[in-house]
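Novice: Let's see this in three dimensions:
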Amino acid sequence: MTIQLKIEHLTKKFKSFKALDDINITLNSGEVLGYIGPNGAGKSTTIRSILGILNPTSGKVEIFGQDAFTNAAKIHEKIAYVPGDVYLWPNLTGGETIDLLLKMNNQKHTSLTDDLINDFDLDTSKKNKTYSKGNRQKVALIAAFSTDAEIYIFDEPTSGLDPLNEEIFKKHLKALKKSGKSILLSSHILSEVEEVADRISIIREGKIIETGTLEQMQYLTNTLIEANVKNSPTEIKNIKGITNLVIKNNKVSFQVNADNLNNAINYLTSLGLVSLRSTKPTLEQIFLQYYKMSGDNNE
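Specialist: A predicted model of the protein is given here:
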């Protein structure tokens, strides 16, 4: 597995404001890295640094082993990028725009482009000024997926798309991954990230507060337990690590951290288990828990 993108100790200041604070990120070949955080956390600043638009205050960003800022023009030949807000030439048609975007990146309209137009159900004969936000996103996505790049950067790519087109986006993203491409996906749709990402980085106030696989993050956070037992479970409140405890007759539900999960299960077993259901936290629950642990009461 080859490291395609490496960010080391990246800090970016705007006067006295520190938008990025000593962040470290790697993106490997054939990998989808989910990059999540609320508005203002530093995601867009990170992406602009990767694209060579912003020069780091300190630290470095390397793509294909080259400095992302000083070698931006050369690096961009192997990068496809889709922002969350797409602005297009108003008097060009969607089809003309797709072909122009491809030509600007030394690419050609192929049968894959036609398949993408059909999949996303885009009327390419209409002018861009008549398109909704979702259709403008489709134009950018079709151009990006038609591009033979090494790294694909998606920043809120499905903004404005309906659920059907979100599924089409995920289908083509998975095809890129299968072909060995590297993908950085920044999205507020956490279920989307959860489904496709190999690893996830969570950023808060310019700092990476956690990076890992979903499974690793699930282990570090609470598990939901729902059980029905033969004897009264009231003493479970004395087990450490249990939160959100609800007891109704011989039915009990609670959340428990990984360190105390076995103690809780053993206690329930001693009461005579009738039924037991264990639910791992979703990425959304993990995200909210990490922000709560980090002292952010607004998320």
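Novice: Could you use CA atoms for every contact and neighbour count after this?
Specialist: Fine.
Novice: Quick one: neighbours of Leu220, just the number.
Specialist: 14 (other CA atoms under 10 Å).
Novice: mind listing what it touches?
Specialist: Leu220 makes contact with Asn257, Ala258, according to CA atoms under 8 Å, 6 or more residues apart in numbering.
Novice: What of the one 5 residues further on?
Specialist: With contacts defined as CA under 8 Å, 6+ apart, Ile225 is in contact with Ser253, Phe254, Gln255, Val256, Leu276, Arg277, Ser278, Thr279.
Novice: How about it, nearest residue that isn't a chain neighbour?
Specialist: Using CA to CA, 6 or more residues apart in numbering and skipping the chain neighbours, the partner closest in space to Ile225 is Ser278 (4.8 Å).
Novice: Assumed that neighbour was part of a helix.
Specialist: No. Ser278: not assigned to a helix; according to DSSP: H, G, I helix; E, B strand; the rest coil it is strand.
Novice: All the helices of the stretch 1-150 of the chain, residue numbers only.
Specialist: Under the criterion DSSP state H, counting those that start in this stretch, helices of the stretch 1-150 of the chain are mapped to 43-50, 72-75, 94-104, 111-119, 133-146.
Novice: between these, which gets nearest to Leu33?
Specialist: Closest of the helices of the stretch 1-150 of the chain to Leu33 is helix 43-50, at 12.7 Å (criterion: CA to CA).
Novice: List the buried residues in the closest one.
Specialist: Lys43, Thr45, Thr46, Ile47, Ser49, Ile50 (16 or more other CA atoms under 10 Å).
Novice: what residues are up against the second one?
Specialist: With contact taken as CA under 8 Å, 6+ apart, Thr45 is in contact with Ala19, Leu20, Leu54.
Novice: Identify the residue spatially nearest to the last one, adjacent ones excluded.
Specialist: Using CA to CA, 6+ apart and skipping the chain neighbours, the partner closest in space to Leu54 is Arg48 (5.8 Å).
Novice: Next, the spatially most distant residue from the centre of the chain: phi, psi?
Specialist: The outermost residue of the chain, judged against the average C-alpha position, is Asn231 (43.9 Å), by CA atoms, centre = their mean. Backbone dihedrals for Asn231, given as degrees, to the nearest 10, come out at phi -110, psi 160.
Novice: That one and Leu101: what is the separation?
Specialist: As judged by CA to CA, to the nearest Å, Asn231 and Leu101 stand 67 Å apart.
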